[in-house]
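Engineer: Just need the structure, nothing else, for what follows:
(one chain, ligands or ions: 1)
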Amino acid sequence: MGTGRLIGNDLWELINVPEDQREGVKWVATVVEIRDNATGEVRSYVDQQRIKDGESEPNCFTWKKGHESCDCFRYLYFARAAGEKEGYVWDYFCGNSAFSVRIRNKRSWRVFYDEFEAKRGRRHGQRRAHNH
Ligand SMILES: [Zn+2]
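Structural biologist: Down below sits the predicted model:
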């Protein structure tokens, strides 16, 4: 694990990502906690996200507005977090209320993205158009 790298006010575990050696980008270890809002079950998995130079933590745009905001993707992550492969159906409904996400700095355990307390916009199972 090492001692971590100070970025902003927080220590982060750096990850070497061979396919992304761009200047100005660091990859860091994060832990995604994903909650099935119907049952309250929380599963977690280790992930990696980018921090750009000049920024102090990963940009969570894809979790807020991108593909990772959608329940159909989150269902996949939730299933994978428990090692489930059977039962995965890509046609899981799209929406933004079935799962909530909280993301931590794996090194410091600080939460830098949190939907667990927030109300999400749509009712369970309501569909929306998307372009995944
Ligand atoms: Zn979707």
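Engineer: Sheet partners, orientation included, of the helix or strand containing residue 113?
Structural biologist: Here residue 113, judged by DSSP states H and E, is contained in strand 111-114. Strand 111-114 pairs in its sheet with strand 99-105 (antiparallel), by DSSP bridges.
Engineer: mind saving the C-alpha coords of the top helix by length along the chain as PDB?
Structural biologist: The single longest helix within the chain, with elements called by DSSP state H, is helix 71-81. This file holds the C-alpha atoms of helix 71-81, laid out as PDB (Å, rounded to 0.1, in the frame of the first residue of the first chain):
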ATOM      1  CA  ASP A  71     -29.600   1.800 -12.500                       C
ATOM      2  CA  CYS A  72     -28.900  -0.600 -15.400                       C
ATOM      3  CA  PHE A  73     -25.100  -0.100 -15.000                       C
ATOM      4  CA  ARG A  74     -25.400   0.000 -11.200                       C
ATOM      5  CA  TYR A  75     -27.200  -3.300 -11.200                       C
ATOM      6  CA  LEU A  76     -24.200  -4.800 -13.000                       C
ATOM      7  CA  TYR A  77     -21.800  -3.300 -10.500                       C
ATOM      8  CA  PHE A  78     -23.900  -4.500  -7.600                       C
ATOM      9  CA  ALA A  79     -24.000  -8.000  -9.000                       C
ATOM     10  CA  ARG A  80     -20.300  -8.100  -9.700                       C
ATOM     11  CA  ALA A  81     -19.500  -6.800  -6.200                       C
END
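Engineer: State the mean pLDDT of that helix.
Structural biologist: When pLDDT is averaged over helix 71-81, the result is 90.
Engineer: quick check, it touching the ion?
Structural biologist: Yes. Residues of helix 71-81 contacting the ion under Cβ under 5 Å from the ion: residue 72. Yep, even glycine has a C-beta here, placed from its N, CA and C like the rest.
Engineer: So which bits of that helix are buried?
Structural biologist: The neighbour-count check on helix 71-81 (16 or more other Cβ atoms under 10 Å) flags 71-75, 77-79, 81 as buried.
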